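Student: need the 3D shape of this:
(one chain, ligands or ions: 2)
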Amino acid sequence: MANSNIPSPEELRKQVSDFLKKQYGDRVVVPPEPNKGGTSEEEVKQKPPKPDLNFDLKPSQLEAHLNNYVVGQPDTVEILATKICTHFNRMKMESRQTELKELVGNIKSNILMIGPTGVGKTYLIKLIADKIGVPFVKGDATKFSETGYVGADVEDLIRSLVHEADGDIKLAEYGIIYLDEIDKIASAGSSYGPDVSRTGVQRNLLKLMEESEVDLKTPHDLASQMEAAMEAQRTGKVARKRINTKNILFVMSGAFSGLDDIIQKRMNRQPVGFRSSADQEQTIETDAFSIMKRVKSEDLIQYGFESEFIGRLPVVVTLNDLDVDGLYKILQNENSTVIQGKKRDFNAYGIDIEFDDEALYRVAELAYEERTGARGLVSVMDRILLKFEKSLPDTDISHFTVTRAVIDNPQRELNQLVTKAALKKFQKRFLATNGIVITFTDEAIEKITDKAKKENKTFDQICTDMLHDYEYGLRLLKAEQFIVDADIVDNPKGRLEELIKSAYKGNF
Ligand SMILES: Nc1ncnc2c1ncn2[C@@H]1O[C@H](COP(=O)(O)OP(=O)(O)OP(=O)(O)O)[C@@H](O)[C@H]1O
Ligand SMILES: [Mg+2]
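Tutor: Numbers count the residues shown, from 1 in each chain. Ligands and ions are numbered 1, 2, ... in the order given. Now for the predicted structure:
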């Protein structure tokens, strides 16, 4: 029997209803109970969603699409394109043929991606979600291990799929959840004793990876409760409150450092005669990435995953490290977000920026030294071009080519560029106002630049101040052109006086 202090659901509804009536009159009402009036959840269930997934891609088409963007990961691209295409095509078939019997214990193609930072893991999945037109949400497994309380967080991710799908629950149920740093929820292994919290995180994920219903509203979220109440009043229907995870594709990724040791040990344990030819050939290879490619479920279990968890990730792909050539190819790719991104940064100030090939190769070499995959490209590019990004918007420069010299000596090249632009601007203005072609010797330019730096003024300010009296003087002398040399920069007044004196001497 219910405690008399706690109201029954009916009483609670009445109390809330009365409260709302008092506050808002008839404008807001409590939504009808799910199975009384309106569209009940049961009814929704009886009519299985028939989403019109805009999805008629074939694996080869998706593969070709990905190859337009992704460099150096042919095997991964092939596997992902195939498995993900099949996943969606199958769901499409199953959603159309309602009489199709459900396969009990069916395992969907959830994916585990193993690979170092910045080699395209997230990028690939995002490209795929975009192409297919399903919502995509990215989360970080480390957050779960810290709190040791996973349920709410992972469920939040699933709720964000609905947000990404603009409230379209059916579409959200075909979304992709991407969980990064999954290797961080491997239990620390027997040497430290069982790692309860991380194993617990894995267990909590299991339910969602298979099939479960997630409440769209968190109990503490009053705003969404109110929203639902208003929506119900407007439409006379109760919106669905749950999202089913059956068709949601889970992609987990991580760098899995140390996994290569486990694989190597396993391979060494196998007597030579029993090794597969692939494994035998492997024993010669020593780099971590070719060893990682030999990963088997047992290695991942040894690494600290529950077998049930690994069992729900049937597709395992290993991504390659990117070498200098790979990085260079990324830069050369016309779809490269690194280059496109930089172009846009400068375009935002009305500046066109171009890169020559030698410069790109040098950027790739520098990026490789950072060991952060393609992320290194962005950081190298940012480091080199930051001063340009700061200074060029102050100039008239509207076009700029990044050369090898810019990469090797950005500050010097920037100074030259800015000086040249300032000079041109000054010359143009001088010609327009005085009708005189003015030029500067290299020495003069150097002196003006030094002076500008010392006095914290611009090139233009120095020239304008220095040559102010010359404008009148030269016009008086009807000069058509004039050369500024280093001596003028040192002693502008004296030289002008001399100039006028000698001119008048000649005339009179
Ligand atoms: N193989 C690749 N081909 C083309 N571009 C790539 C490739 N790898 C990475 N990039 C570029 O680098 C960016 C960062 O890569 P991404 O986010 O996919 O890294 P990641 O593998 O998920 O690394 P992390 O483990 O650090 O999250 C991408 O947005 C993309 O622009
Ligand atoms: Mg990533």
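
Student: which residue sits closest to Y368, ignoring its sequence neighbours?
Tutor: Leaving out its chain neighbours, the residue that sits closest to Y368 by C-beta to C-beta, 6 or more residues apart in numbering is V324, at 4.7 Å. Where you see a C-beta, it was placed from the backbone N, CA and C, and this is true even at glycine.

Student: oops, could you answer that again for D357 instead?
Tutor: Leaving aside its sequence neighbours, D357 sits nearest to Q332 (C-beta to C-beta, 6+ apart; 7.7 Å).

Student: still on that earlier bit, OK, contacts around the residue nearest to Y368?
Tutor: Contacts of V324 were listed using C-beta atoms under 8 Å, 6 or more residues apart in numbering, and they are 361, 364-365, 368.

Student: where does the chain have its least confident helix or strand?
Tutor: helix 41-46 (a mean of 40; mean pLDDT, DSSP states H and E).

Student: just give the nearest non-adjacent residue to the residue nearest the centre of the chain, would you?
Tutor: For the chain, Y123 is the residue whose C-alpha lies nearest the centre (C-alpha atoms, centre = their mean; 7.2 Å). Computed as C-beta to C-beta, 6+ apart, the closest residue to Y123 that is not its neighbour in sequence is V70, at 6.7 Å.

Student: can you show me the strands along the stretch 151-300 of the chain?
Tutor: Listed in chain order, the strands of the stretch 151-300 of the chain (DSSP state E, counting those that start in this stretch) span 176-180, 213-215, 242-244, 249-254.

Student: dump those to CSV, plus mean pLDDT.
Tutor: Below are the strands of the stretch 151-300 of the chain laid out as CSV (pLDDT from 0 to 100):
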stretch, mean pLDDT
strand 176-180, 95
strand 213-215, 88
strand 242-244, 91
strand 249-254, 96
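
Student: quick one: closest of the ones you listed to D465.
Tutor: strand 176-180 (56.9 Å; C-beta to C-beta).

Student: who are the packing partners of the closest one?
Tutor: helix 121-132, strand 136-140, helix 151-164, strand 249-254 (3 or more C-beta pairs under 8 Å, 6 or more residues apart in numbering; DSSP states H and E).

Student: filter the contacts of V324 to the buried ones?
Tutor: Buried members of these, counted by 16 or more other C-beta atoms under 10 Å: 361, 364, 368.

Student: thought Q332 was touching the second one, still the case?
Tutor: No - applying C-beta atoms under 8 Å, one finds A364 not in contact with Q332, separated by 9.2 Å.

Student: got the contact list for the single nearest residue of the stretch 201-350 of the chain relative to ligand 2?
Tutor: For the stretch 201-350 of the chain and ligand 2, the shortest gap (C-beta to the ion) falls at S253, measuring 6.3 Å. By C-beta under 8 Å, 6+ apart, the contact set of S253 is 112-115, 121-122, 178-182.

Student: can you redo the buried ones among the contacts of V324 as CSV with pLDDT?
Tutor: Formatted as CSV, these follow (pLDDT from 0 to 100):
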residue, pLDDT
Y361, 98
A364, 98
Y368, 97
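
Student: near ligand 1, which residues of this structure are found?
Tutor: By C-beta under 6 Å from any ligand atom, the part of the chain that sits against ligand 1 consists of 70-73, 115, 117-123, 180, 330, 337-338, 373-375.

Student: of the residues you listed, grab the buried ones for PyMOL.
Tutor: Restricted to buried positions by 16+ other C-beta under 10 Å, the PyMOL selection for the residues of the chain next to ligand 1 reads:
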select buried, resi 70+71+72+73+115+118+119+120+121+122+123+180+330+338+373+374
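
Student: just the residues of the chain next to ligand 1: which are in helices?
Tutor: 121-123, 330, 337-338, 375 (DSSP state H).

Student: please identify the most buried of the helices and strands packed on strand 176-180.
Tutor: Of all the helices and strands packed on strand 176-180, strand 249-254 carries the top mean neighbour count, a mean of 25, counting by mean count of other C-beta atoms under 10 Å.

Student: tilt between that one and strand 136-140?
Tutor: If you take axes from the mean of the first three to the mean of the last three C-alpha atoms, to 10 degrees, strand 249-254 sits at 40 degrees to strand 136-140.

Student: so what strands line up beside strand 249-254?
Tutor: strand 111-114 (parallel), strand 176-180 (parallel) (DSSP bridges).

Student: dump those to TSV, plus distance to K420.
Tutor: Formatted as TSV, those follow (distance: least, C-beta to C-beta, whole Å):
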stretch	distance to K420
strand 111-114	48
strand 176-180	46
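
Student: can I get those in TSV including distance to ligand 2?
Tutor: Below are the strands paired with strand 249-254 laid out as TSV (distance: least, C-beta to the ion, whole Å):
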stretch	distance to ligand 2
strand 111-114	9
strand 176-180	5
